[in-house]
Structures are given as structure tokens and as C-alpha cells.
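Visitor: Build me a model from this:
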Amino acid sequence: ITSRNNTMTEFEIIKEEIDAIEQKYLRSVMDIISDHNTENKTKTDYKRRQIYELLQNADDCYSMEFPQIAVRMELRDNLLIIQNTGVPFSARGILSLMHTDASSKHEGTIGCKGLGFRSVLNWANRITVYTNEFYVDFSEERAVHNLERYKQQSHAYGSEELDRLRRTAILTAAEVYNGKDGIAEWLSPGFSTAIVLDCDDAHLDEIRNQLINLKFEELLFLQHVNTIEIITSEVTRKIESIKENEICIIQESDSISQWRVWSRQGELTQENGETKKYELIIAYNDNVTEREAIRENGVLYSYFKDHM
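Guide: Numbers count the residues shown, from 1 in each chain. You can find the predicted model right below:
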């Protein structure tokens, strides 16, 4: 991001970056190939964790002004719509999606925004991020079209290697809009960000199952999300948590579960001498019957945050 950012709008920052990526791709075929391969590898690494990765991204939208986060996840035909309160998606956040290892997350957040987010590419051929100020659309169709255009316009060495690809990286195939008309349809009052995934038919059962079977114990390790609404054609769920000191109470309908949660923070020194911060959280259920049920099911809820 340039030093002019303090005088540029969010829309202008994103538009400038889209143009910069286009110029980079016209200069270097190797960048097209590298970004494509990195995106494909990363989305595979996070497969089957899509819902939890989306919840983690929402959890990281906290601030002093927004210490608690509400999330609504709705499966509407082929569309998975995730809305959350808190700090809205910024231009910097969008840029971190477009560039691997360019995380915009601040200290105290769970993971690497952009890496886990790429897991939804296993489901969706189009992703749109809405805020009250702008919305950005990433699509596989545009990525295919862009590759053909780069093949025709690029004179760089190795352009014939593009024939091995079907498209560019999807999260670099972006368009940004600042019109208010398209935002209200997807961003409900009270929410700051909406992510709309246009999902392939082949993955709808998996998405539905992840939503229906989401374990409310997973709220234990979301430090700021205290409400999750899940809406599908089959079920409507509302999971709420209350955290105070070492106690976490989680409720869904008539089911209430109480846990004791301990955390430890510290630093680890790596072989190269560099130190990395970590946080370890352990959750213990107060109810003997519930503990035995968890043990019989062979489930371990674990959380180990690091910056490695």
C-alpha cells in the first residue's frame, strides 16, 4: 500500500491494487503461475475446515468498540451467506486475500486472514465481500477470462506455459464497486460485513452438513464470537455463549453446557533464534455425564494459536 493511502478511499486503494496485479501479470508470466499454484495448494491445506475458518475470520473482527461479535450463516439455495458484526472488512483486508502471506491480522487474532479464507475456494466459484462502503467480487469466470487476455497481450518469455493453466488465481480476479444499490440486498441491518459464496451443486450437501452438525463446543475457542445463527431449509439454530473469568456457558435451545477454560501465553525460541508468541487454551467440562459422553465419542477440542 502506498503512502498516499491516508488520502485515498477504500475503493481507490482496492482499485489501484487490482490494476497493479494486472500490470504485474502482463510483465511476468511466472507470477501468474506462482499465484495460481500457491492458491490451489493453500485451499487444499484447509479443506473440511471451511465453516470454522469463516468463524475465525469473524472472531478477528473485534475491537475495543466491538468486543463481542455476532455471526449469521445462511444457506439459501446455492448461496452461503455469512454476516458478522464488528470491524468491517477493510481495503487492507481485501488486499490480504489477494496476496498470500500478506495477513492484515493484528496481534491477538487466531490465524492468518487470507490463508484460511482460501478454504472456501473448495466450495465456491464466486465470492463477494460486502461492507457498507464497497463490495468486491472474485470469480472463477473472470479468472478464466483474464488468463485468455494475458495469453493474448503478454509478450513475456514463457507465455506458452500459460497453456497449462485453465485460469489465474481466483482471488486475484477481482472487481470492486462502490455503489450502494447492490449492498443492501446482502448486508442486513446491524451487520458490518457479508461474505456471499456462490457454491457448486456438488458441495451443497457437505456445506449443509457442516452447518447442521456444527458443535457448539467450538465456541469455546472463539474469544469474541458470542452468538451464531445458522439458517438452512432444514434447521434454524442459535448458539450463544457467556464468558466470565474461567467460566464459559454455552446454550443452544434447552441445552446448556458449562466449561472451565484456562489459557497460557508465552514465547517459543526457534532453532534460528527467532521468538514466536503462542497461546494454549484448555477447556474442561464441569458435568461428569457430559465429560464421559465426550470421552466415549473420542472428541478432543483443541486450540493452539501461534504465529509460526
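Visitor: And the strands in this structure?
Guide: Taking DSSP state E, the strands of the chain run over residues 69-76, 79-84, 124-130, 135-139, 174-177, 193-199, 225-231, 236-244, 247-252, 255-269, 275-285, 303-306.
Visitor: what's the neighbour count on the residue lying closest to Ile32 once chain neighbours are set aside?
Guide: Computed as C-beta to C-beta, 6 or more residues apart in numbering, the closest residue to Ile32 that is not its neighbour in sequence is Tyr25, at 5.0 Å. Bear in mind the C-beta positions are built from the backbone N, C-alpha and C, glycine included. As a burial measure, Tyr25 scores 24 neighbours (other C-beta atoms under 10 Å).
Visitor: roughly how far apart are Tyr25 and Ile33?
Guide: Distance of Tyr25 to Ile33, computed by C-beta to C-beta, to the nearest Å: 10 Å.
Visitor: Save the strands of the chain as a markdown table, and put in distance to Arg166 too.
Guide: What follows is the strands of the chain, written out as a markdown table (distance: least, C-beta to C-beta, whole Å):
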| stretch | distance to Arg166 |
| --- | --- |
| strand 69-76 | 28 |
| strand 79-84 | 24 |
| strand 124-130 | 12 |
| strand 135-139 | 14 |
| strand 174-177 | 18 |
| strand 193-199 | 18 |
| strand 225-231 | 34 |
| strand 236-244 | 38 |
| strand 247-252 | 42 |
| strand 255-269 | 41 |
| strand 275-285 | 38 |
| strand 303-306 | 35 |
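Visitor: and the nearest residue to Glu74 once chain neighbours are set aside, what is it in contact with?
Guide: Leaving out its chain neighbours, the residue that sits closest to Glu74 by C-beta to C-beta, 6+ apart is Ile231, at 4.1 Å. Ile231 makes contact with 72-76, 237, according to C-beta atoms under 8 Å, 6 or more residues apart in numbering.
Visitor: picking up where we left off before, of the strands of the chain, which shows the lowest average pLDDT?
Guide: Mean pLDDT values for these show the minimum at strand 303-306, a mean of 49.
Visitor: returning to that earlier point: widest-spaced pair of the contacts of Ile231?
Guide: Farthest-apart pair in those is Arg76 and Arg237; separation 15.3 Å (C-beta to C-beta).
Visitor: Those two: which is more packed in?
Guide: Using other C-beta under 10 Å, the more surrounded residue of Arg76 and Arg237 is Arg237, with 16 against 11.
Visitor: List the residues that contact the closest residue to that one other than its chain neighbours.
Guide: Spatial nearest neighbour of Arg237, excluding adjacent residues (C-beta to C-beta, 6+ apart): Ile230 at 4.1 Å. By C-beta under 8 Å, 6+ apart, the residues touching Ile230 are 73-74, 211-212, 214, 236-239.
Visitor: In these, which residue is surrounded by the most others?
Guide: Met73 (24 neighbours).
Visitor: Surely that residue and Asn57 touch.
Guide: No. At 12.0 Å, Met73 does not count as touching Asn57 under the criterion of C-beta atoms under 8 Å.
Visitor: sorry, back to before: ok, which of the strands of the chain comes nearest Glu12?
Guide: Comparison of those against Glu12 by C-beta to C-beta identifies strand 174-177 as nearest, at 9.1 Å.
Visitor: and Leu79, what does it touch?
Guide: Taking C-beta under 8 Å, 6+ apart as the contact definition, Leu79 lies against 196-199.
Visitor: where's it relative to Asp137, distance?
Guide: Noted for Leu79: a distance of 13 Å to Asp137, by C-beta to C-beta.
Visitor: Ile281 and Tyr52, how far apart?
Guide: Ile281 is 15 Å from Tyr52, by C-beta to C-beta.
Visitor: ditto for Glu22
Guide: To Tyr52, Glu22 is 34 Å away according to C-beta to C-beta.
Visitor: what's the answer for Phe11, then?
Guide: Per C-beta to C-beta, Phe11 is found 31 Å from Tyr52.
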